[in-house]
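> Provided below are the primary sequence and the corresponding predicted coordinates.
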Amino acid sequence: IKDAIKAWEEKTKENSAEAKIVKLTACQPFIVKMDSSLAQLANVEQLSLSTNQIEKMSNLHGLSHLKVLSLGRNYIKKIEGLDAVADTLEELWISYNLIERLSGVECCKKLKVLYASNNKIKAWDGVLSIKDCPALEELLLIGNPLEEKHTGEGNWVQEVAKKFPTLKKLDGKMVIREDDMKEDGEAPAE
């Protein structure tokens, strides 16, 4: 990561310690480890480490302003280490990884957006931990075995809406619940 940050600074002419947005996407050579060099990004609010070869989430301590963490298109199997950013993280983008369970996000009480499409989530117990994220409004799970099974059965949206009542958007579409409907059968005005 240290070399990737240095290359980013040279390319953008920005100081990484002061930057609010840092994109270390598809680095050459690929980033394989989230190491302690991340701590130098003291003011980062949005960090993208997408399209690399990262296997483990780690070393997020010191990123006390982090609101958006993008780790899509890596080799991550488990969500971990988020307790270090639990008080600030609002969006976690982890699509196209190898994740089977979303446990590890429950510590993020401000988490509003979770993009976890195209992973390996097969069963409801793999997503139920997000019930402990009271601010969660938007969830992306399309392309997971669980979603594909329930979409095929025709009950995906209903099941998710029932299990996660705070959700407003699922897989890019507004969630309209039966109890949200007006008596005349129209969706309520926003």
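Noted; the coordinates are in hand.
> Which phi and psi values does the residue most central in space within the chain adopt?
By CA atoms, centre = their mean, the chain has its centre lying nearest to residue 92, at 2.2 Å. Phi and psi for residue 92, reported as degrees, to the nearest 10, are phi -130, psi 120.
> surely it meets residue 110?
No: counting by CB atoms under 8 Å, residue 92 stays clear of residue 110, with 10.9 Å between them. The C-beta positions use only the backbone N, C-alpha and C, and glycine is treated the same way.
> hang on, residue 64 packs against residue 89?
No: using CB under 8 Å, residue 64 is not in contact with residue 89, being 10.7 Å away.
> higher neighbour count, the two?
residue 89 (23 against 13; other CB atoms under 10 Å).
> quick one: pLDDT of that one?
On pLDDT, residue 89 comes in at 98.
> Grab the nearest non-local neighbour of it.
residue 108 (4.8 Å; CB to CB, 6 or more residues apart in numbering).
> which element is that neighbour on?
Using DSSP states H and E, residue 108 is not contained in any helix or strand.
> What is the neighbour count of it?
Residue 108 has 26 nearby residues by other CB under 10 Å.
> who are the neighbours in contact with it?
Counting by CB atoms under 8 Å, 6 or more residues apart in numbering, residue 108 touches 82, 85-86, 89, 92, 133.
> Turn these into a markdown table, including secondary structure.
Converted to a markdown table, the contacts of residue 108 look like this (DSSP: H, G, I helix; E, B strand; the rest coil):
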| residue | secondary structure |
| --- | --- |
| 82 | helix |
| 85 | helix |
| 86 | coil |
| 89 | coil |
| 92 | strand |
| 133 | coil |
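> Determine which two of these are furthest apart.
The span of those, defined through CB to CB, is set by 85 and 133 at 13.5 Å.
> For the longest helix belonging to the chain, name the packing helices and strands.
Assignment by DSSP state H gives helix 2-12 as the longest helix of the chain. Counting contacts by 3 or more CB pairs under 8 Å, 6 or more residues apart in numbering; DSSP states H and E, helix 2-12 packs against strand 21-23.
> what's the model's confidence in the following helix or strand past the strand it packs on, averaged?
Note on strand 21-23: by DSSP H and E, the next helix or strand toward the C-terminus is strand 46-48. For strand 46-48, the mean pLDDT works out to 98.
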